[in-house]
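Novice: Whatever this is, show me its structure:
(chains A and B)
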Amino acid sequence: GAGVSQSPSNKVTEKGKDVELRCDPISGHTALYWYRQRLGQGLEFLIYFQGNSAPDKSGLPSDRFSAERTGESVSTLTIQRTQQEDSAVYLCASSSAILQGTDTQYFGPGTRLTVL
Amino acid sequence: RKEVEQDPGPFNVPEGATVAFNCTYSNSASQSFFWYRQDCRKEPKLLMSVYSSGNEDGRFTAQLNRASQYISLLIRDSKLSDSATYLCAVKLAGGFKTIFGAGTRLFVKA
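Specialist: You can find the predicted model right below:
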């Protein structure tokens, strides 16, 4: 079946502009995660959704970052007033979360964001 | 101290070699452990979960040492195709947040 998809694959924007990144999880997966990966770095947890709720948004770096999920499906990560430090690959992952401790996360290909 | 730490490497090994990576974690309440593989400019993919009793999948063996708070990954008979970055990941009991290490780079050469 189809995997996790993300769009756009690449986004170049100017400092101060707002951007929206989209994630389409695997159908039926109730859990959805957003991560940020800077060049040469590991994955930085941003937010977790269970259904349409976000019980853990502790990783959002500032109030310029927000995310929502609708229909227990698509999620959008919004970054307002982008800064150069926001340049990174933003990865989305989904899981069936049947057994929360051992759920396998399936990652999308990511959106590469460049802020000029 | 980082919550999850890995030696960044790179590890340069010849084909056929055995190589081992360790990953240490700081939170003793961590319950679930994973190894992911990430190829250059690609998304991470789960390699294997790590169980308390240790587990093996072909040439790959993962082990957990709760007393010393580390997990390990052993790759036997390395192949050129094993060249990648290996990320360890840790989840707290009852939690949702997964903490990833920065990864260990492996280069297998002919």
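Novice: Let me see the contact set for residue B:75.
Specialist: Residues in contact with residue B:75, defined by Cβ atoms under 8 Å, 6 or more residues apart in numbering or on different chains, are B:18-20, B:59-60, B:82, B:106. Backbone N, C-alpha and C define where each C-beta goes, glycine included.
Novice: where does the residue nearest to residue A:66 when sequence neighbours are not counted sit relative to residue A:18, distance-wise?
Specialist: The shortest distance from residue A:66 to any non-neighbouring residue, by Cβ to Cβ, 6 or more residues apart in numbering or on different chains, is to residue A:78 (5.0 Å). Going from residue A:78 to residue A:18 by Cβ to Cβ, to the nearest Å gives 7 Å.
Novice: do residue A:42 as well
Specialist: Distance check for residue A:42 against residue A:18: by Cβ to Cβ, it reads 27 Å.
Novice: which of the two has more neighbours?
Specialist: In this view residue A:42 and residue A:18 are compared by other Cβ atoms under 10 Å in any protein chain shown, and residue A:42 has more residues nearby, 23 against 11.
Novice: From residue B:56, how far off is the more buried one?
Specialist: Relative to residue B:56, and taking Cβ to Cβ, residue A:42 is found at 25 Å.
Novice: Now residue B:34: which helix or strand?
Specialist: Assigned by DSSP states H and E, residue B:34 falls within strand B:30-38.
Novice: Apologies, that question was intended for residue B:89.
Specialist: Using DSSP H and E, residue B:89 maps to strand B:84-92.
Novice: quick one on the thing from earlier: next secondary structure after the strand holding residue B:34?
Specialist: Following strand B:30-38 in sequence, per DSSP H and E, is strand B:45-50.
Novice: Next one: that following strand, is it in contact with chain A?
Specialist: Yes: using Cβ under 8 Å from any Cβ of the partner chain, strand B:45-50 reaches chain A at B:45-46, B:49.
Novice: same for that strand, what does it pack against?
Specialist: strand B:30-38, strand B:55-57, strand B:60-65 (3 or more Cβ pairs under 8 Å, 6 or more residues apart in numbering or on different chains; DSSP states H and E).
Novice: and of those strands, who's closest to chain A?
Specialist: strand B:30-38 (4.4 Å; Cβ to the nearest Cβ).
Novice: Contact residues of chain A facing chain B?
Specialist: Residues of chain A lying near chain B (Cβ under 8 Å from any Cβ): A:31, A:33, A:35, A:41-45, A:48, A:50, A:55-56, A:58-59, A:91, A:100-102, A:104-110.
Novice: and of the residues of strand B:45-50 next to chain A, the nearest to residue B:32?
Specialist: residue B:49 (7.2 Å; Cβ to Cβ).
Novice: who does that closest one bridge with?
Specialist: Using DSSP bridges, the beta-bridge partners of residue B:49 come out as residue B:34.
Novice: pretty sure it contacts residue B:34?
Specialist: Yes: contact criterion Cβ atoms under 8 Å: residue B:49 and residue B:34 qualify, at 5.3 Å.
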